[in-house]
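model this:
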Amino acid sequence: MADRSYTYDPVNTGVPVNQQPYRMEAGQLWRQFVIAGIGNIAIASTGYCMGWTSPVNLKLHQNTTENPLGEPITSDQEAWIGSLLTVGAIFGPFMGGFAASKIGRKWGLLSTAIPLFIGWIMMAAASNVGLIYGGRIFWGLAVGMLFTISPMYCAEIATNDARGALGSFLQLFITLGYLLVYGIGPFVSYGVIAYVGIAFTAVFCVAFFFMPESPFYYLGKDDKESAAACLATIRGRSRAGVMAEIDQMAADVAASMEKTATIADVFRGSNFKAFYISCALVFFQQFSGINAVLFYMTNIFEAAGSALDSAIATIIIGVVQVIASCITPFVVDRLGRRLLLLISAFGTAVGLGLLGMYFILASQHSPVVEKISFLPVLSLILFIVTYCWGLGPLPWAVMSELLPIEVKAIASPIATAFCWVLSFLITRYFSAIAAAAGMGPTFFIFGGCCVVAFFFTLFLVPETKGKSFQEIQDMLAGKSSKPEKA
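Presented below is the predicted three-dimensional model:
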């Protein structure tokens, strides 16, 4: 058993006495995974909110007791219900960034429960479509806040060898939320779906209340004692055992606070290159049609006339999402970002192309349609799997690596808001475009965007695997970070 009698000497160097034994202090790696997992319960809750439209839209189209509105919704109302969440999400990143800096990452995450609760209460009490509209907007605020704060919190509590895995929790947990609503939504009443959502949020609040704050937040407030205390909890080590790491964190925070940036700096030199690559990647992420597919999953299967029950097919897709999202953390640091993005863009293009072909054949009443009734499910599985490998999680990871620390606080919310503006346009007008042009051509448009994403990645996206932050910045600036040979 390790000797715990060593003391910390705050005088002179600020280095722990007998530092070597504390460097060897093992700690408990599982703690940061548990803490990040509990924090991402809120992300799973947003997945539940985002996937809510898939089973609920069918209930709202009925003229039965399953429909709380008393009458079927119109196609225009359905489009607004699907898209208004993204309207709230446009403003959420700015609220989330403000909350994270003012009240901390922990309380910023907990504050997202407020719009989540308000949204679910409005949904549970909905007797007209206006309340559903309002509930979707409040959910969107929570989504935008969480997509800003949660990755920040996970990155700041993680050790270097666990940061990639914890950073991938967002994609994994959001798919768990989708799977839950896909799994129970078709088989329970509208009200039960809402009550589960309320319980989901309550579980997050109770569990995360006992989790620690990010040490980086305390260091930013020049409170080294509190930072050391919470890092000791996260690492499962003694206070003295984390002081070397705290000293390094404090140096990083001090260095980043020495530099200030304005919005104009985002559009200069290598900063702009990082920014436009980040924005382009989130553009391709959204114009792959992912949110249109997920929000209207059941509708797509109904329209396709698939032999498989639409509710069961949607659950299959949800399971595939979860499994596919578990793969990326294990391979991204081996295969690299670019290769996974290329595989993802190619796979999503093929999946969307097959889906578009099926709908065109169906619209022409081709006799072959009956023989390929399995194709919608197969196409969407290919699309979802390859999306979860690259276009889903990696734009956020690449953005965090490309953007310099001093401009990240300004550029990241802008890029995130841009992402949700695109999502709004797609979810709002997907039904209208599909009705006017047909499902087939609509999916061909999305597939064409994935083809463009493939070539954009091939020629313009740099590989960041194995590179230090300084090497990435030198690469963007066209400099060589390696010393020249004599």
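
ok, residue 426 touching residue 285?
No: using Cβ atoms under 8 Å, residue 426 is not in contact with residue 285; the gap is 10.8 Å. Bear in mind the C-beta positions are built from the backbone N, C-alpha and C, glycine included.

please report phi then psi for residue 210.
Backbone torsions for residue 210, taken as degrees, to the nearest 10, come to phi -90, psi 0.

if you could redo that for residue 214, that was the one I meant.
Per-residue torsions, residue 214: phi -70, psi 130 (degrees, to the nearest 10).

the protein - how does it break down into domains?
Domains of the chain are assigned by automatic domain parsing as 26-211, 264-478.

first-to-last residue distance for the longest one?
Between the start and the finish of domain 264-478 there is a gap of 21 Å, counting by Cα to Cα, to the nearest Å.

which helices and strands does whichever helix in the chain runs longest pack with?
Longest helix in the chain, counting residues (DSSP state H): helix 405-437. When contacts are defined as 3 or more Cβ pairs under 8 Å, 6 or more residues apart in numbering; DSSP states H and E, helix 405-437 sits against helix 75-102, helix 129-157, helix 263-266, helix 269-286, helix 290-295, helix 394-402, helix 439-460.

which stretches in the stretch 101-250 of the chain count as helices?
105-111, 113-124, 129-157, 163-167, 169-184, 190-208, 215-220, 224-235, 243-258 (DSSP state H, counting those that start in this stretch).

average pLDDT for the shortest one?
It refers to helix 163-167. Helix 163-167 shows a mean pLDDT of 71.

the first one now?
For helix 105-111, the mean per-residue pLDDT is 93.

ok, residues contacting that helix?
Defining contact as Cβ atoms under 8 Å, 6 or more residues apart in numbering, one finds that helix 105-111 is touched by 39, 42, 96, 99-100, 103, 145-146, 149-150, 152-153, 156, 205, 208-209, 211-214, 216-217.

quick check: the gap between the residue nearest to residue 368 when sequence neighbours are not counted and residue 324.
Leaving aside its chain neighbours, residue 368 sits nearest to residue 361 (6.2 Å; criterion: Cβ to Cβ, 6 or more residues apart in numbering). As judged by Cβ to Cβ, to the nearest Å, residue 361 and residue 324 stand 27 Å apart.

count the residues that sit near residue 248.
Close neighbours of residue 248, defined as other Cβ atoms under 10 Å, add up to 10.

now find how far off-centre stretch 131-148 is within its chain.
Distance, stretch centre to chain centre, for stretch 131-148: 14 Å (Cα atoms, centre = their mean, to the nearest Å).

quick one: low-confidence residue ranges for the stretch 101-250 of the chain.
160-161, 163-164 (pLDDT under 70).

closest to residue 229 out of the helices and strands packed on helix 405-437?
Proximity to residue 229, assessed across those by Cβ to Cβ, is greatest for helix 129-157 (13.5 Å).

and the angle for that closest one with helix 224-235?
Helix 129-157 and helix 224-235 are oriented at 100 degrees to each other (axes from the mean of the first three to the mean of the last three Cα atoms, to 10 degrees).

next, the angle from helix 129-157 to helix 405-437.
Interaxial angle of helix 129-157 relative to helix 405-437 (the same axes, to 10 degrees): 140 degrees.

list the buried residues for helix 129-157?
Buried residues in helix 129-157, counted by 16 or more other Cβ atoms under 10 Å: 129, 131-157.

now stretch 70-77
Neighbour counts over stretch 70-77 (16+ other Cβ under 10 Å) mark residue 73 as buried.

returning to that earlier point: including distance to residue 289, could the helices of the stretch 101-250 of the chain go into JSON lines?
Listed next are the helices of the stretch 101-250 of the chain as JSON lines, based on distance: least, Cβ to Cβ, whole Å:
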{"stretch": "helix 105-111", "distance to residue 289": "30"}
{"stretch": "helix 113-124", "distance to residue 289": "25"}
{"stretch": "helix 129-157", "distance to residue 289": "18"}
{"stretch": "helix 163-167", "distance to residue 289": "25"}
{"stretch": "helix 169-184", "distance to residue 289": "16"}
{"stretch": "helix 190-208", "distance to residue 289": "25"}
{"stretch": "helix 215-220", "distance to residue 289": "36"}
{"stretch": "helix 224-235", "distance to residue 289": "39"}
{"stretch": "helix 243-258", "distance to residue 289": "37"}
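
out of those helices, nearest to residue 46?
When the helices of the stretch 101-250 of the chain are compared by Cβ to Cβ, helix 129-157 sits nearest residue 46, at 4.7 Å.

burial measure for the residue nearest to residue 245 when sequence neighbours are not counted, as a count.
Among residues not flanking residue 245 along the chain, residue 231 sits closest, at 6.6 Å (Cβ to Cβ, 6+ apart). Using other Cβ under 10 Å, residue 231 has 26 other residues around it.

before we move on, what about residue 82?
Neighbours of residue 82 under the rule other Cβ under 10 Å: 27.

do residue 368 as well
Other residues close to residue 368 by other Cβ under 10 Å number 11.

show the model's pLDDT score for it.
82.

repeat that for residue 281.
Residue 281 carries a pLDDT value of 93.

now it: how far from residue 36?
Distance from residue 281 to residue 36, by Cβ to Cβ: 24 Å.

higher neighbour count, those two?
For residue 281 versus residue 36, neighbours defined as other Cβ under 10 Å are more numerous around residue 281 (28 against 24).

isn't that one right up against residue 461?
Yes: if you go by Cβ under 8 Å, residue 281 and residue 461 touch, sitting 7.3 Å apart.

what sits in contact with each of those two?
Shared contacts of residue 281 and residue 461, counting by Cβ under 8 Å, 6+ apart, come down to 341, 398.

who are the contact partners of the residue lying closest to residue 159 once chain neighbours are set aside?
Nearest non-adjacent residue to residue 159, counting by Cβ to Cβ, 6+ apart: residue 32, 6.8 Å away. Residues in contact with residue 32 (Cβ under 8 Å, 6+ apart) are 157-159, 162, 166, 234-235.

which of the residues you listed sit farthest apart?
Using Cβ to Cβ, the pair of the contacts of residue 32 lying farthest apart is 166 and 235, separated by 13.6 Å.

the more surrounded of those two?
Neighbour tally, residue 166 and residue 235, criterion other Cβ under 10 Å: the higher count belongs to residue 166, 24 against 21.

quick check: the more buried one vs residue 33, distance?
Taking Cβ to Cβ, one finds residue 166 at 7 Å from residue 33.

let me know the pLDDT of the closest residue to residue 460 other than its chain neighbours.
Spatial nearest neighbour of residue 460, chain neighbours left out: residue 277 (6.6 Å); criterion: Cβ to Cβ, 6+ apart. What the model reports as pLDDT for residue 277 is 91.
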